[in-house]
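J.: Could you look at this predicted model? Sequence included:
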Amino acid sequence: MLPRLMSSEYTYQIAAVNPIGAARSTPPPPLLRYTVAMKYDLPSGVTLDEGRGGWPRVSVATDLCTAELYLHGAHLCHWQPRSHPRPVLWMSRASRFETGAPIRGGVPICFPWFGPNAAAPEAPVHGIVRLGEWTLEGAEVERDGTAVIRLSWPSDAGSRASAPAEVALAYEVRLGDALSMALTVANLAAAALTFEEALHTYFAVSDVRQVGVEGLAGAIFVDKTDGGTRKAQDDAVITISREPDRLYVNTPATLTLTDPGFGRRIRVAKMGSLTSVVWNPWIAKSRAMSDFGDDEWPGMICLETANAAENAVTLPPAAGHTMTAVVSLLGLSGSS
Ligand code: BG6
């Protein structure tokens, strides 16, 4: 029996898990790890195809934007409004597309913990949901041209076994002139559930040393490059001249990333989030990461919409929580 995706609209065959010889008269090409079969009954402008590593990928090409989202980790790897000359998200050319590894760049989803798991140091950094396949629940293109992709997790018995007891995640990505990402966590258990989460967004920049981040003046941050020391953000504009690895806590503020080299500002508004993370690996950490090119660090900055540290969310039984990030582009003078 093949796993079903999106009711009866099409069937998705995962060759790695399901030997599909019985279902096909000819075997799949040797490098084809996943096979998209049957009908592509998706709206015009949205396709389900094979991406890097043979992984299933939702590709969007509408009047408003182009985008790519992998079912692995529900990972958005690309978004570019048609009105804009370059991609908004950064992807490492060294990213792995391998089972058990996260994708480097785009928007990884961190859940149910952020960073290392203090109680289980051997557990994967940033949780488990960026490492496994999500289920595509639906896709549509709205009247104004916005493509909406919906996914859910856990998707299979394996991820269900590794999930915190009776939790369900829903992820809605809205792709148009703006990008909206909404992660909903539902606690289906009889006990309260506490978790951390992040939409770990990598933005492409002309040169991280030339950009400025606004919106966090007066906020307190945990400086992970200084043993977790807490500091106050004094400067209104954050500039980067060494590795920043900062968790700004108790802040719902909208961030603005000004990039004169690319002639744009990126605005990140958020709902249901009290933590913002600012990160760039700089020189030494880039070299230490096997899935990050040594010379790539100037071209990216992570501005992450999160709930971490003291902003971890506690959900009572039968409750849900949604965290949303809305990314939009502005010109340097403020116009879109
Ligand atoms: C950031 C963390 O969010 O993610 C950093 O604050 C970490 O400490 C970075 O290095 C990347 O993490 P990973 O697991 O994707 O290499």
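T.: Alright, I've got the coordinates. Residues are numbered from 1 along each chain as shown.
J.: mind listing what the residue nearest to the spatial centre of the chain touches?
T.: The centre of the chain sits closest to Val107, judged by C-alpha atoms, centre = their mean, with a distance of 2.4 Å. Contact analysis of Val107 by C-beta atoms under 8 Å, 6 or more residues apart in numbering lists His75, Leu76, Leu89, Met181, Leu199, His200, Thr201, Tyr202. Using the backbone N, CA and C atoms, a C-beta is placed for each residue, glycine as well.
J.: Look up the closest residue to the last one, ignoring the ones flanking it.
T.: What it means is Tyr202. In this structure, Tyr202 finds its nearest non-sequential neighbour in Trp90, 4.4 Å apart by C-beta to C-beta, 6 or more residues apart in numbering.
J.: what's across from the residue in the stretch 201-336 of the chain that the ligand sits nearest to in the sheet?
T.: As assessed by C-beta to the nearest ligand atom, the ligand sits closest to Trp279 within the stretch 201-336 of the chain, at 4.3 Å. Beta-bridge pairing of Trp279 under DSSP bridges involves Asp245, Cys302.
J.: mind listing what it touches?
T.: For Trp279, the contact set (C-beta under 8 Å, 6+ apart) comprises Pro244, Asp245, Arg246, Ile301, Cys302, Glu304.
J.: between these, which has the most around it?
T.: Scoring the contacts of Trp279 on neighbours with other C-beta atoms under 10 Å, the highest-scoring entry is Glu304 at 27 neighbours.
J.: Surely it is in contact with Leu199?
T.: Yes: using C-beta atoms under 8 Å, Glu304 is in contact with Leu199, at 6.5 Å.
J.: Once you drop chain neighbours, what's closest to Val60?
T.: Val60's closest residue in space is Ala67 (C-beta to C-beta, 6+ apart), at 4.0 Å.
J.: Give me the pLDDT for the residue nearest to Met289 when sequence neighbours are not counted.
T.: Nearest residue to Met289, sequence neighbours excluded (C-beta to C-beta, 6+ apart): Pro281, at 6.6 Å. Note for Pro281: predicted pLDDT of 98.
J.: Residue numbers of the stretch 51-200 of the chain in contact with the ligand?
T.: Pro102, Gly115, Val125, His126, His200 (C-beta under 6 Å from any ligand atom).
J.: Quick one: buried ones out of those residues?
T.: By neighbour count, with 16 or more other C-beta atoms under 10 Å, these hold Pro102, Gly115, His126, His200 as buried.
J.: Show me the residue of the stretch 101-250 of the chain that gets nearest to the ligand, please.
T.: Closest point on the stretch 101-250 of the chain to the ligand, by C-beta to the nearest ligand atom, is Val125, at 3.9 Å.
J.: who touches the residue nearest to Tyr202 in this structure?
T.: Neighbouring residues of Trp90 by C-beta under 8 Å, 6+ apart: Gly105, Gly106, Tyr202, Phe203, Ala204, Val205, Gly299, Met300.
J.: try it again with 10 Å
T.: Neighbouring residues of Trp90 by C-beta atoms under 10 Å, 6 or more residues apart in numbering: 77-78, 104-106, 201-205, 296, 299-302.
J.: Check Val173 too.
T.: Taking C-beta under 10 Å, 6+ apart as the test, what Val173 contacts is 58, 60, 67, 69, 74, 76, 79, 107, 139, 147-151, 179-183.
J.: low-scoring pLDDT stretches of the stretch 51-200 of the chain, where are they?
T.: 155-158, 160, 164-165 (pLDDT under 70).
J.: again, only using 90
T.: Counting by pLDDT under 90, the stretch 51-200 of the chain shows low-confidence ranges at 118, 154-166, 189.
J.: which residue ranges form the helices in it?
T.: For the stretch 51-200 of the chain, applying DSSP state H, counting those that start in this stretch gives helices covering 157-162.
J.: that older thread, what is in contact with Glu304 and Leu199 at once?
T.: Counting by C-beta under 10 Å, 6+ apart, the residues touching both Glu304 and Leu199 are Val107, Pro108, Cys110, Val268, Lys270, Ser273, Val277, Ala325.
J.: Take those residues and keep only those in strands.
T.: Cys110, Val268, Lys270, Val277, Ala325 (DSSP state E).
J.: Verify the contact between the second one and Thr254 for me.
T.: Spelled out, it's Val268. Yes: using C-beta atoms under 10 Å, Val268 is in contact with Thr254, at 6.6 Å.
J.: between the two, what contacts are shared?
T.: With C-beta under 10 Å, 6+ apart, Val268 and Thr254 have common neighbours Gly215, Ser276, Val326, Ser328.
J.: How many neighbouring residues does the second one have?
T.: By that I understand Ser276. With other C-beta under 10 Å as criterion, Ser276 counts 29.
J.: residues contacting it?
T.: Applying C-beta under 10 Å, 6+ apart, we find Ser276 in contact with 198, 213, 215-216, 219, 221, 246-249, 251-255, 268, 270, 303-306, 308, 311, 325.
J.: Contacts only, for the closest residue to Phe195 other than its chain neighbours.
T.: Nearest residue to Phe195 in three dimensions, chain neighbours excluded: Pro112, at 3.8 Å (C-beta to C-beta, 6+ apart). Listed by C-beta under 10 Å, 6+ apart, the contact partners of Pro112 are 126-129, 163-164, 167, 169, 185, 193-197, 312-313.
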